[in-house]
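**Student:** My questions concern the predicted model and sequence given below.
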Amino acid sequence: MIEDKASHTAERMALHRAAHQLLDHPPVLEDPLALAMLGRDKAAALIAKPSLAESSPASRFLRAFAAARSRLAEDQLAAGLEHGVGQYVILGAGLDTFAYRNPHPPEALRVFEVDHPATQAWKRERLAQAGIAAPPELSYAPVDFHEQTLASGLEAAGFDPGVPSLFAWLGVTPYLTLEAIKATLGYIAACPPGSGVVLDYPQSPEVLDMRGRLAYKALAGFSAAAGEPWLTNFAPAEMTALLDELGFSLVKDLGKEQINERYFAGRSDGLMVGDLYHLATAWV
């Protein structure tokens, strides 16, 4: 992202989540706060003309993926809570709304939102404008990775390194170097047994078909123009090998077929995800 500017990517993904509530029935991810997070004017414009969210042929695929990745993370959290997870860390939280609609008992789960200070301040302004209060079990961890580590940022926010935790790391890995990705995954792998991570990543163009390569080029170009260039991608085998190397177990990689079977089977509207992105889950 551009220093001292809010994330364009966070805004774009918030638009997809909000549009999903208006255009897709039933929603894969039920998010009653998604429209409010757009801000009053943008929400009103989207309600008046939902087609604003379908600016390109890829829009429906991206909207489906935005919903599916958050749904998977929240499903994994629900399962993890039954096995000792007590903290949920949203890395690169952007305009994610989970903490403000958290269905779990506050005494059972602490939530941490990690993001660049500028993006986090912008989000908190947006929340205040929408009249959405931060719940007591939520802690903000503003982290500028040029100046501090994830560990120090979480420690300052009150994170307990002795409690099993699930990390949701969505929409972030393309913008990081491989070294930074390894460092973050290494930190998560060193968390107590029962901890885990849900992450997404774009596939390497070399393993995509022509349509996928065109989508990759278009989205990477859009992000670069917004000051948020893509730096890293993976073939699925590379991601699985990296997670195995770092000591994770129960590693699962979900591509188009697995995601669509899990969340989009039997729909009458044809909503589905495309080939570009994969989702991975892994546990310590």
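**Tutor:** Yes, it's here.

**Student:** Which secondary structure element is home to Phe61?
**Tutor:** helix 59-81 (DSSP states H and E).

**Student:** Provide the strand pairings for the following helix or strand past that helix, with the direction of each partner.
**Tutor:** Going down the chain from helix 59-81, the next helix or strand is strand 87-91, by DSSP H and E. In the sheet, strand 87-91 lines up against strand 110-115 (parallel), strand 165-169 (parallel) (DSSP bridges).

**Student:** give me the low-pLDDT residue ranges for the stretch 51-200 of the chain?
**Tutor:** Residues of the stretch 51-200 of the chain meeting the criterion pLDDT under 70: none.

**Student:** picking up where we left off before, let me know which of the strands paired with strand 87-91 is the nearest to Ala280.
**Tutor:** Closest approach to Ala280 among those (C-beta to C-beta): strand 165-169, 9.5 Å. Every C-beta, even on glycine, is put in place using the N, C-alpha and C of the backbone.

**Student:** Going by neighbour count, which residues of the helix holding Phe61 are buried?
**Tutor:** Residues 59-74, 76-77, 80-81 are the ones in helix 59-81 that count as buried (16 or more other C-beta atoms under 10 Å).

**Student:** Can you give me the distance of the residue nearest in space to the middle of the chain to Val197?
**Tutor:** Geometric centre of the chain, nearest residue: Leu170, 2.5 Å, by C-alpha atoms, centre = their mean. Separation of Leu170 from Val197 (C-beta to C-beta, to the nearest Å): 10 Å.

**Student:** can you give me the helices in this structure?
**Tutor:** Along the chain, the segments classed as helices by DSSP state H run 8-23, 40-48, 59-81, 117-130, 150-156, 178-189, 210-225, 236-245, 256-263.

**Student:** Let me have these in CSV, extended by distance to Arg101.
**Tutor:** Below are those laid out as CSV (distance: least, C-beta to C-beta, whole Å):
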stretch, distance to Arg101
helix 8-23, 12
helix 40-48, 16
helix 59-81, 10
helix 117-130, 12
helix 150-156, 23
helix 178-189, 24
helix 210-225, 28
helix 236-245, 29
helix 256-263, 19
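
**Student:** Tyr88: which of those is closest?
**Tutor:** The nearest among the helices of the chain, by C-beta to C-beta, is helix 59-81 at 5.6 Å.

**Student:** helices or strands up against that closest one?
**Tutor:** helix 8-23, strand 165-169, strand 196-202, helix 256-263, strand 277-283 (3 or more C-beta pairs under 8 Å, 6 or more residues apart in numbering; DSSP states H and E).

**Student:** And these, which one averages the lowest pLDDT?
**Tutor:** The weakest mean pLDDT among the helices and strands packed on helix 59-81 belongs to helix 8-23, with a mean of 92.

**Student:** now the angle from that one to helix 117-130?
**Tutor:** Using axes from the mean of the first three to the mean of the last three C-alpha atoms, to 10 degrees, the inter-axis angle of helix 8-23 relative to helix 117-130 is 30 degrees.

**Student:** counting contacts, what elements does helix 8-23 pack onto?
**Tutor:** So helix 8-23, by 3+ C-beta pairs under 8 Å, 6+ apart, packs with helix 40-48, helix 59-81.

**Student:** Identify the residues contacting that helix?
**Tutor:** Helix 8-23 has contacts (C-beta atoms under 8 Å, 6 or more residues apart in numbering) with 1, 27-32, 34-35, 37-38, 42-43, 46-47, 50, 53-54, 59, 62-64, 66-67, 70, 94-95, 97, 119, 123, 171, 175, 223, 226-228.

**Student:** wait, what's in contact with the closest residue to Trp283 other than its chain neighbours?
**Tutor:** Using C-beta to C-beta, 6 or more residues apart in numbering and skipping the chain neighbours, the partner closest in space to Trp283 is Gly196 (4.0 Å). Going by C-beta under 8 Å, 6+ apart, Gly196 touches Gln76, Gly80, Val85, Leu166, Phe167, Ile188, Phe248, Leu250, Thr281, Ala282, Trp283, Val284.
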